[in-house]
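Enquirer: Everything below, folded, please.
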Amino acid sequence: MKDITILPSSSYGYGFIPPKHIPPGEDEYWQRNKQADRPADSWRKLMSQEIETLVKNDNFCSNWDHFLVSDPFDPSLIRNSNFYGLIRIGELRDVLLQHHDFRIPTGIRNSTVISCDIGNDAAIQDCSYISHYIIGDRAILSRIDELQTTNHAKFGNGVISDGEEEEVRIWIDVMNEAGGRSILPFRDMIPADAYLWAAYRDDAGLLKRLKEITQDEYGGDRGAYGVIGAGSVIKSCKIIKDIAVGRAAYIKGANKLKNLSILSSEDEPSQIGEGVELVNGIVGYGCHIFYGAKGVRFVIGRNCNLKYGARLIHSVLGDNSTISCCEILNNLIFPVHEQHHNNSFLIAALIGGMSNMAAGATIGSNHNSRANDGEIRAGRGFWPGLSVTLKHSSRFASFVLIAKGNYPYELNITLPFSLVNNNVKKDRLEVMPAYFWMYNLYALERNSWKAFNRDKRKVKVQRITMDYLAPDTAEEIMSALEQMESWIRDADLSLPDTKSADSISADTNSADEEDPEYAYTPKSDEEIKAPGLERHNRGAVLLKPRKAYLAYREMLCFYAMKTIIAWFENQQKPVYRDFLTHAEGPGRVKEWVNLGGQIVPAFRIDALREEIRKGKLRDWKSIHRVYDEFAENYPLDAVRHAWAILNYLRPVSSIEIFREELGAVVEIQRKVTSHVYKSRAKDFHDPFRGITYRNKEEMDGVAGTPENNFFVKLTQEHLVNFEAAVHALSAKLE
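Expert: Predicted structure coming up:
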């Protein structure tokens, strides 16, 4: 019985903040009064006839002098309820509130309320314990077992309150199970913040300042009240403790919600549904969390879905992501991640976003060492296929597709847009560089389109790069070309002739015998050794390296010209000489960082870290403004990089040569559009695809046709617009 304390009944509803934590000249309501959005003179004491009506309606109050109301006030709407401490109630009229098909009268019925502010025309019904909350206008609370706030509530922020020991601080162990990259969550955190904190662990001054900034901004004084925002609905829930809920949120049937900030607005309402249990975290604006999902020590970005029993633990999940049924532990995941299957696991990883994990994938749950301090790092577009098993520690370039299989050794796949296969029969690792560009442009182009299309954020705190070709992937291609040149020479082969290359049309016949989706049996002169891609001496090979080499160069040309064209489209007048004054910068920037989905030159992040260390940036809003500056500088940074890449491929010494490149990029775009159709049409030409249908007409009625595919049509429309824009630019260019 030592956990049970006996207190005088007169203290019920009072003494919320221990006296030693109340500033001089203040009382226990000083934090509450700061949070209240109405002046103190908007409340009045009850009149004698109002008290009489309340008592007749089976209400009890420990001190009616501490029961304050606003006008108009209808006391008949409060029935069979108990009140303790300072109670302040806004306007109360005899009306109904309706949310979807649920209707409830305003007022308070069958509830116990302890030291709360209640907004205008709120409805509270069958809530057995509501303690120390500020409840917004027209909020609905129905059938809640426990809704309370403690005097040391942090609302999901990784801070400590006055008088608390450091041991109670809540950390999130992202990227590493052993905790070597721990970060502190806070209500305004975005993946860029988490990356800045977790990645640069050698920068002790930065880490120290980030902790101080977070504590100063979100921690300190005791006594803040929990908040239920205006127009929010909470019904049929069990335990809710130390949470702050934004406006227009909808929470129903949750089992346990503790130490949370649930960000919500009328434009981006958040919803939490049946069986959900969330502890120690931040839920972003416009999120939907349903059907038994669990979260412990987490930050969820804007417009995310967590459902069907998904488990999110010690992780940060970027905007526009969907997690269902699976387990995610110790991860930092950038925006637009999809993971839908019950038997998939993602553990101790940094995922660059625009990613998708198939059923049975176990990423990082296995170790080849005796410690749990390994990590997985994957660039944008990471796509492990069915039943893929990977070991710590491994690293993957952007847009890597991993074929089904158990990969017994650590991997270092430095070649972007590649297909990786563990060939069990030949006992070797096989990598096909530029696979997506040569064989599956439908998936590649659609990935970027989906990323744009799924961005439903009303407020875009961070500008996310969603093009698969950007400075980061272009630099990965440049590094891959350098590696491949070395491996090709080691194989006593000559580099392919880049002047006569037609790489995108290589091996594009539907389901031919060399298509990697059907076989891994290239000719002997189409594979070379590729050491260093796997932590084993069994040997790794590149498939079709010469064709991939040409494909990479074509991708670079496509990236460079599209980036330059986008620059011209934002200028009032396309003047070539003016363009050169901007594009011919100090030289090619080779190091780019995926900063939470935003692509930034590394030197800018180094400068940011220096400003934080020196105390020039004193809060997270200031740091976020620097991210905005990065985004404003990105078009110039990108066009300078693109111009350097274009001149690497072919020196552009005159406007005439540049016009030739404009013609060349139109031709590449035509090939891309054609390839999108061909790579989709392969599925329909496969004879096994039709074996479940009585005839082709039935198949067309169920599966459609490649000609009528929505995305195929979309790319064809894009081609028409692109051609027109490039021809117009070429004609106007001075």
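Enquirer: make it CA atoms for all contacts and neighbour counts henceforth
Expert: OK.
Enquirer: could you list every residue that touches the closest residue to residue 527 other than its chain neighbours?
Expert: If you skip the residues right next to it in sequence, residue 527 has residue 543 as its closest partner in space, 4.6 Å away by C-alpha to C-alpha, 6 or more residues apart in numbering. By C-alpha atoms under 8 Å, 6 or more residues apart in numbering, the contact list for residue 543 reads 430, 431, 432, 433, 522, 526, 527, 528.
Enquirer: How about residue 44?
Expert: Contact criterion C-alpha under 8 Å, 6+ apart gives 68, 69, 70 as the residues in contact with residue 44.
Enquirer: switch to 6 Å and redo it
Expert: Shown here is residue 44, whose contacts under the criterion C-alpha atoms under 6 Å, 6 or more residues apart in numbering are 68, 69.
Enquirer: partners of it in the sheet?
Expert: In this structure, residue 44 has the following beta-bridge partners (DSSP bridges): residue 69.
Enquirer: Listing request: residues of this protein with sub-threshold pLDDT.
Expert: 1, 365-371, 500-525 (pLDDT under 70).
Enquirer: mind listing what the longest strand along the chain pairs with, with the direction of each?
Expert: Ranked by residue count, the top strand of the chain under DSSP state E comes out as strand 233-245. Note on strand 233-245: by DSSP bridges, its sheet partners are strand 140-148 (parallel), strand 226-228 (parallel), strand 250-252 (parallel), strand 256-262 (parallel).
Enquirer: what does the third one contact?
Expert: Okay, so that is strand 250-252. Residues outside strand 250-252 that contact it (C-alpha under 6 Å, 6+ apart) are 232, 233, 234, 235, 236, 271, 272, 273.
Enquirer: And stretch 443-461, by the same measure?
Expert: Stretch 443-461 is contacted from outside by 320, 466, 467, using C-alpha under 6 Å, 6+ apart.
Enquirer: same thing with stretch 140-157?
Expert: With contacts defined as C-alpha under 6 Å, 6+ apart, stretch 140-157 is touched by 17, 123-132, 161, 185-186, 222-223, 226, 233-243, 259-261, 280-282.
Enquirer: So which residues of the stretch 451-600 of the chain form strands?
Expert: Listed in chain order, the strands of the stretch 451-600 of the chain (DSSP state E, counting those that start in this stretch) span 527-529, 540-543, 592-595, 598-601.
Enquirer: Which neighbouring elements make contact with the third one?
Expert: Strand 592-595 is packed against strand 598-601, with contacts defined by 3 or more C-alpha pairs under 6 Å, 6 or more residues apart in numbering; DSSP states H and E.
Enquirer: Need the contact partners of the following helix or strand past the strand it packs on.
Expert: Moving toward the C-terminus from strand 598-601, the first helix or strand encountered (DSSP states H and E) is helix 602-613. Outside helix 602-613, the residues within contact range by C-alpha under 6 Å, 6+ apart are 205, 206, 591, 592, 593.
Enquirer: Can you give me every residue that contacts the fourth one?
Expert: To tie it back to what came earlier, the one meant is residue 592. Going by C-alpha under 6 Å, 6+ apart, the list of residues near residue 592 reads 472, 600, 601, 602.
Enquirer: could you redo the last one with a cut-off of 10 Å?
Expert: The neighbourhood of residue 592, defined by C-alpha atoms under 10 Å, 6 or more residues apart in numbering, consists of 470-476, 599-605.
Enquirer: for the stretch 401-550 of the chain, what spans make up the helices?
Expert: In the stretch 401-550 of the chain, the helices defined using DSSP state H, counting those that start in this stretch lie at 435-439, 441-453, 471-490, 545-569.
Enquirer: Pick the most buried one from those.
Expert: Comparing those on average neighbours per residue, with mean count of other C-alpha atoms under 10 Å, the densest one is helix 435-439 at a mean of 24.
Enquirer: Output the contacting helices and strands for that one.
Expert: With contacts defined as 3 or more C-alpha pairs under 10 Å, 6 or more residues apart in numbering; DSSP states H and E, the secondary structure elements packing on helix 435-439 are strand 419-423, helix 441-453, helix 545-569, helix 655-685.
Enquirer: so what's the residue nearest the centre of the chain closest to, chain neighbours aside?
Expert: Nearest to the mean C-alpha position of the chain, by C-alpha atoms, centre = their mean, lies residue 318 at 1.1 Å. The shortest distance from residue 318 to any non-neighbouring residue, by C-alpha to C-alpha, 6+ apart, is to residue 335 (4.0 Å).
Enquirer: gap between the one you found and residue 175?
Expert: Distance, residue 335 to residue 175, by C-alpha to C-alpha, to the nearest Å: 16 Å.
Enquirer: Great, nothing more from me.
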